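Peer 1: Curious how this folds, go ahead:
(one chain, ligands or ions: 2)
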Amino acid sequence: MGKITGFLEIDRQDRTYEPAADRIRHFREFLIPVSEADVTRQAARCMDCGIPYCHTGCPVNNQIPDWNDLVYHSDWEVAAENLHSTNNFPEVTGRICPAPCEAACTLNIDDNPVAIKTIECAIADKAFDEGWVRPQVPDTKTGKRVAIVGSGPAGMAAAQQLARAGHDVHVYEKQAQPGGLLRYGIPDFKMEKYIVERRVEQMQAEGVTFHCNVHVGRDITATKLQRDHDAVLLTGGAEHPRDLEVEGRDLHGVHFAMNFLPQQNRRVSGEPLGDIEPILATGKQVVVIGGGDTGSDCIGTSFRQGAVSVAQLEILPMPPDMENKALTWPHWPLKLRTSSSQAEGAQRDFSVATSRFLGMDGKVTQLECIRLDGQLKPIVGSEFTLPADLVLLAMGFLHPVQEGMVKELKLDLDQRGNVKANELDYRTSRPKVFAAGDMRRGQSLVVWAIREGRQAAHAIDKVLMGKTDLPR
Ligand SMILES: Cc1cc2nc3c(=O)[nH]c(=O)nc-3n(C[C@H](O)[C@H](O)[C@H](O)COP(=O)(O)OP(=O)(O)OC[C@H]3O[C@@H](n4cnc5c(N)ncnc54)[C@H](O)[C@@H]3O)c2cc1C
Ligand code: SF4
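Peer 2: Numbers count the residues shown, from 1 in each chain. Ligands and ions are numbered 1, 2, ... in the order given. All right, here's what the predicted structure looks like:
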């Protein structure tokens with residue numbers, strides 16, 4: 001373990017942020033890293049618990065106490081090897097994972113968990129800086145061809161695992177660049193895109209072929225992919241957004257978050273927007289409907305574009321400031337969290353529903369809202385209006401887009417409209433066709449997508465070869 005008395009002697013220290021007034025002037029990452037010596041001290045706090053509860057929180061089964069110990073003993077290279085043995089993209093999760101491992105850490109019982117995410121990120125970043133992350137080219141090729149539809153974290157993780165197992169892997173992506181939501185959803189200020197690009201380069205060197213600008217089900221049939229490959233893995237994400245079908249929804253200036261966010265990511269990376277209408281928050285009063293991650297990303301992007309004000313409405317009641325540890329630990333607690341974007345100056349309001357959008361000359365100018373009670377019932381007489389020139393709908397995603405590929409393959413769906421497949425073999429109702437990530441489990445997290453990509457790769461390799469050495 002780290003230092004036996006480390007958790008008693010050393011206070012938790014985590015990365016800090018550039019001040020809000022500075023960071024909203026640019027789209028770069030603004031996390032201030034902890035020095036290597038301090039990361040080593042933080043790793044010393046790990047108690048190497050008999051039951052490492054951090055493991056119960058981590059969907060990719062990161063061997064957290066092991067690499068904490070390695071970092072404490074300054075054996076960074078072996079720590080990086082260990083970390084990569086369970087997680088294909090720790091530099092990604094080290095930046096944007098909500099860190100359920102820290103919520104589950106024994107030291108979180110008194111609110112001072114080991115700074116696991118910061119240590120993870122430091123190991124991954126150092127591995128790149130030192131040149132330890134190299135392509136792992138397989139010694140032999142199997143001659144089997146696998147098609148993967150969608151290049152988000154699920155598709156990327158699966159592609160990397162399957163290429164390393166010697167298969168000929170082809171990733172089909174409808175967008176111009178690979179990465180899925182890592183590239184087009186998550187803003188640059190949370191994660192810069194060189195992070196995705198250098199992994200894509202590594203994977204190309206390992207034998208993965210990316211076919212971008214190919215919309216499966218439109219430019220090429222899924223049936224053809226099925227015919228031409230030994231296995232097809234669908235990792236197309238859960239892209240069907242929840243809408244707000246109230247009066248005035250069609251006014252100009254009311255947009256889905258995912259029509260707004262990808263535009264800014266394209267601007268930052270110099271990718272042309274094409275002939276779509278630009279959506280900008282510059283000089284506008286912005287209202288974001290929806291209190292989750294996507295809503296936060298809309299807030300941070302709006303401030304950086306120069307919004308006059310940003311309000312965020314959440315339909316659910318405000319959660320408590322602190323969880324009841326005795327009831328929740330080691331599980332993910334429901335408590336009030338303030339994202340870095342919200343802390344940049346958003347006005348948040350809870351228990352609010354939008355009844356209609358009001359406008360002038362076809363453009364949105366106001367929202368008419370009503371407050372809700374604890375049972376989400378409207379409180380008569382609590383109506384109020386909110387000025388808005390731009391409304392961003394960030395109320396989550398219902399399921400994958402079913403038009404096109406999913407309908408063409410006539411795949412069975414689960415009750416929520418996701419592609420039906422279990423977590424053991426990831427097989428869909430169609431022979432040779434597998435599904436993983438948000439397309440299978442519904443809207444989720446990057447770390448779950450990585451886990452599903454890895455597990456689906458294990459399942460596919462086993463079907464193709466009759467056995468597999470890929471970890472689950
Ligand atoms: C704005 C936003 C911010 C988020 N922030 C975080 C965060 O901070 N931390 C976190 O853990 N999670 C976050 N998430 C959730 C996380 O991004 C997703 O859970 C994760 O990316 C899912 O991975 P995936 O590979 O299953 O799908 P996706 O990342 O959605 O990738 C699916 C890919 O498939 C492609 N595709 C779909 N259909 C086709 C087709 N027919 N043909 C070809 N290509 C196709 C899409 O273009 C896309 O590139 C966020 C989500 C959003 C929307
Ligand atoms: S639960 Fe926390 S202290 Fe215990 S092994 Fe995991 S990281 Fe270390």
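Peer 1: For residue 9, the count of nearby residues, please.
Peer 2: 11 (other Cβ atoms under 10 Å). For glycine as for every other residue, the C-beta is placed from the backbone atoms N, C-alpha and C.
Peer 1: Likewise for the one 3 residues further on?
Peer 2: Other residues within reach of residue 12, judged by other Cβ under 10 Å, total 16.
Peer 1: That one falls within a helix, correct?
Peer 2: No. Read with DSSP: H, G, I helix; E, B strand; the rest coil, residue 12 is coil and lies in no helix.
Peer 1: Can you tell me the SS state at the nearest residue in space to it that is not next to it in sequence?
Peer 2: Spatial nearest neighbour of residue 12, chain neighbours left out: residue 112 (4.6 Å); criterion: Cβ to Cβ, 6 or more residues apart in numbering. Three-state call for residue 112 (three-state DSSP): coil.
Peer 1: hang on, residue 112 packs against residue 10?
Peer 2: No. Contact criterion Cβ atoms under 8 Å: residue 112 and residue 10 do not qualify, at 9.9 Å.
Peer 1: quick one on the thing from earlier: distance check, the residue nearest to residue 12 against ligand 2.
Peer 2: Distance, residue 112 to ligand 2, using Cβ to the nearest ligand atom, to the nearest Å: 10 Å.
Peer 1: interface residues of the protein facing ligand 1?
Peer 2: Within the chain, the positions adjacent to ligand 1 are 96-97, 149-155, 172-175, 180-181, 185-186, 190, 215-217, 235-237, 261, 293-294, 297, 404-405, 437-439, 444-447, 449 by Cβ under 6 Å from any ligand atom.
Peer 1: ok now do the residue of the stretch 351-472 of the chain found nearest ligand 1, which residues does it touch?
Peer 2: Closest residue of the stretch 351-472 of the chain to ligand 1, Cβ to the nearest ligand atom: residue 437 (2.4 Å). The contact partners of residue 437, taken as Cβ atoms under 8 Å, 6 or more residues apart in numbering, are 150, 152, 153, 154, 155, 235, 237, 444, 448, 449, 452, 453.
Peer 1: got a list of what the fifth one touches?
Peer 2: If you count contacts by Cβ under 8 Å, 6+ apart, residue 155 has them with 148, 149, 171, 173, 180, 233, 235, 437, 453.
Peer 1: what's the answer for the first one, then?
Peer 2: Each residue near residue 150 by Cβ under 8 Å, 6+ apart is listed here: 171, 172, 173, 180, 234, 235, 236, 237, 437, 439.
Peer 1: list the contacts for the fourth one?
Peer 2: When contacts are counted by Cβ under 8 Å, 6+ apart, residue 180 touches 150, 151, 152, 153, 154, 155, 156, 173, 235, 237.
Peer 1: cool, the second one as well?
Peer 2: Shown here is residue 172, whose contacts under the criterion Cβ under 8 Å, 6+ apart are 147, 148, 149, 150, 211, 214, 216, 220, 225.
Peer 1: Between those residues, which sits nearest ligand 1?
Peer 2: residue 150 (2.6 Å).
Peer 1: Okay, and which of the contacts of residue 155 map to strands?
Peer 2: Counting by DSSP state E, the part of these found in strands is 148, 149, 171, 233.
Peer 1: The first one: neighbouring residues, count only.
Peer 2: Read that as residue 148. Per other Cβ under 10 Å, the neighbour tally for residue 148 reads 33.
Peer 1: could you dump the contacts of residue 180 to a markdown table with pLDDT?
Peer 2: Converted to a markdown table, the contacts of residue 180 look like this (pLDDT from 0 to 100):
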| residue | pLDDT |
| --- | --- |
| 150 | 98 |
| 151 | 98 |
| 152 | 98 |
| 153 | 98 |
| 154 | 98 |
| 155 | 98 |
| 156 | 98 |
| 173 | 98 |
| 235 | 98 |
| 237 | 98 |
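Peer 1: if we can go back for a sec, any idea how far ligand 1 is from the residue nearest to residue 12?
Peer 2: Residue 112 is 23 Å from ligand 1, by Cβ to the nearest ligand atom.
Peer 1: what's the answer for residue 226, then?
Peer 2: 13 Å.
Peer 1: Now the residue nearest to residue 33 when sequence neighbours are not counted. Its backbone dihedrals?
Peer 2: In space, and not counting its chain neighbours, residue 33 is closest to residue 15: 6.0 Å by Cβ to Cβ, 6+ apart. Main-chain torsions, residue 15, degrees, to the nearest 10: phi -60, psi 150.
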